[in-house]
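[1] Show me the folded form of this:
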Amino acid sequence: MTLRKWTFTVTPEDAELRLDQLIAKHTELSRRTAREALKLGGVQVDRKRVKVAGKLVKPGLEIRVAFDPDLPPVPTTPIPIVFEDAWIIAVDKPAGLATQGTWASDRHDLLALLKAQRPDLQTFLHHRLDQGTSGLLVLAKDPKANKGLAEAFASRDLEKLYLARLSEPLEACTVKAPIGRLRGADPGRFGCEGDLMDPKSAHTDFRPATAEETAGLVPGHWVVARIHTGRTHQIRVHLVHLGRPILGDGLYGGAPSDRLWLHAWRLGLQHPVTGEPLLLEAPPVRFLG
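    Prediction:
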C-alpha cells in the first residue's frame, strides 16, 4: 500500500475555510480526494476522526490526514463467529484485516465489519491481532463481561496458543527477552536488541507442533507458540531473535510467501461472568493442504 500522511495546524488565515478546503490547501490532495479521505475516516481533528467536509475548524487545532489510494473496496465477507453467549463473542479474524481502524480508514477493519454484520452488537476490545495474522479474537458484549475480560488480560490469567510455519525446524525453547520499538526504523519494527524505545519484558514458549495438531495442514516446520505477555509483534520478534522468522513475514526477514503463516489458534480462560472454564478454538482452515 502507498499510505500518505500529513499533519498540520490550522492558522488564523484558515478560519473561514471548510475542512475539505483546508486539506486541499495543506496537503497534495484535491478537494474531491479530501472528501474521499474524510468519508473513509482518514481525517482526525484534535485526535478525533471527523467526516464532515463542511466543518469549520478553530485556529490552533492539529489536523491529521491519511489517504491510501490503493485501499480496496470495503469488504463484505461475513466475520466467522466461533462462540457466542449473552456476555462474550469470539470471532475468527481473516488475515489481511486490521483489528480496528487504521490511519486511513475506519471502515476496512474487523470491528467495523462486525458492526455492519451485527448493528445491535456493542463490543469491548481487550486484545488485538496483527493485520496479517488470522484467528481467534474474543470481545466482551456487556460491561460486566468487559470488566472480567479486562482483569483476565491484565493478570495474564489465560492461555493463548498460536500456530506458526517456519522455513527451518525449531526445538522446544523459552524466550524471555524484552521487546521495544526500534528507533528510526522505517517501516516501524520491534526488536529485542539495538536502540529500543521503551522496551518491556516479554515471555514466549515455543515447541514443535505434533502430527495430530497439524493433520491436514500444508506440510512444513510448524511450531506452537504460547505467549505469557502481550507485546506488539511478540511472536514474530521472538522468532527473529532465535533466527527463525515466520514464513511470509517480510517485515522481519521471513522467506517470501503469499501470506503471513501465523494463526491465533486457541484461547483458554475462565468465563468472565460465570467463571466456567472455556477453551475457544479457531481452526486454521486457511492453511489446509
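[2] Going by C-alpha atoms from here, please, whenever you check contacts or count neighbours.
    Fine.
[3] Contact partners for the residue nearest to residue 97 when sequence neighbours are not counted?
    Once flanking residues are discounted, residue 97 sits nearest to residue 131: 5.1 Å by CA to CA, 6 or more residues apart in numbering. For residue 131, the contacting residues are 95, 96, 97, 98, 99, by CA atoms under 8 Å, 6 or more residues apart in numbering.
[4] would you turn the residues you listed into CSV with secondary structure, pLDDT and distance to residue 261?
    Formatted as CSV, the contacts of residue 131 follow (DSSP: H, G, I helix; E, B strand; the rest coil; pLDDT from 0 to 100; distance: CA to CA, whole Å):
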residue, secondary structure, pLDDT, distance to residue 261
95, coil, 95, 10
96, coil, 91, 12
97, coil, 92, 14
98, strand, 92, 16
99, coil, 94, 17
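[5] May I see those organised as JSON lines, with distance to residue 286 and neighbour count added?
    Shown next, in JSON lines, are the contacts of residue 131 (distance: CA to CA, whole Å; neighbours: other CA atoms under 10 Å):
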{"residue": "95", "distance to residue 286": "9", "neighbour count": "19"}
{"residue": "96", "distance to residue 286": "12", "neighbour count": "15"}
{"residue": "97", "distance to residue 286": "14", "neighbour count": "20"}
{"residue": "98", "distance to residue 286": "17", "neighbour count": "22"}
{"residue": "99", "distance to residue 286": "18", "neighbour count": "22"}
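[6] now the residues you listed as CSV including distance to residue 88?
    Output for the contacts of residue 131, formatted as CSV (distance: CA to CA, whole Å):
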residue, distance to residue 88
95, 22
96, 24
97, 21
98, 20
99, 17
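[7] looking at it, residue 54 is touching residue 23, isn't it?
    No - assessed by CA atoms under 8 Å, residue 54 is found out of contact with residue 23, at 11.4 Å.
[8] pLDDT score assigned to residue 150?
    What the model reports for residue 150 is a pLDDT of 89.
[9] Likewise for residue 5?
    Value listed for residue 5 in the pLDDT field: 95.
[10] Does it touch residue 67 like I think?
    Yes - between residue 5 and residue 67 there is a contact at 6.6 Å, judged by CA under 8 Å.
[11] The two: which has the busier surroundings?
    Set side by side, residue 5 and residue 67 show more neighbours around residue 67, with 24 against 15, by other CA atoms under 10 Å.
[12] Tell me how many other residues crowd residue 3.
    Neighbour count for residue 3, taken as other CA under 10 Å: 12.
[13] now do the one 5 residues further on
    The local packing count at residue 8 equals 15, with neighbours defined by other CA under 10 Å.
[14] List the strands paired with the host helix or strand of it, with their directions.
    Residue 8 is part of strand 4-9 when elements are defined by DSSP states H and E. Paired with strand 4-9 in the same sheet, following DSSP bridges, are strand 62-67 (antiparallel).
[15] next one: the following helix or strand past the strand it pairs with to chain centre, how far?
    Later in the chain than strand 62-67, the nearest helix or strand by DSSP H and E is strand 81-84. From the chain centre to the centre of strand 81-84 is a distance of 19 Å (CA atoms, centre = their mean, to the nearest Å).
[16] Buried by neighbour count: which residues of strand 81-84 qualify?
    For strand 81-84, the neighbour count (16 or more other CA atoms under 10 Å) marks 81, 82 as buried.
[17] Describe which strands it pairs with in its sheet and in which direction.
    When sheet partners are counted by DSSP bridges, strand 81-84 sits next to strand 88-93 (antiparallel).
[18] picking that back up, could you measure from the residue nearest to residue 97 over to residue 233?
    11 Å (CA to CA, to the nearest Å).
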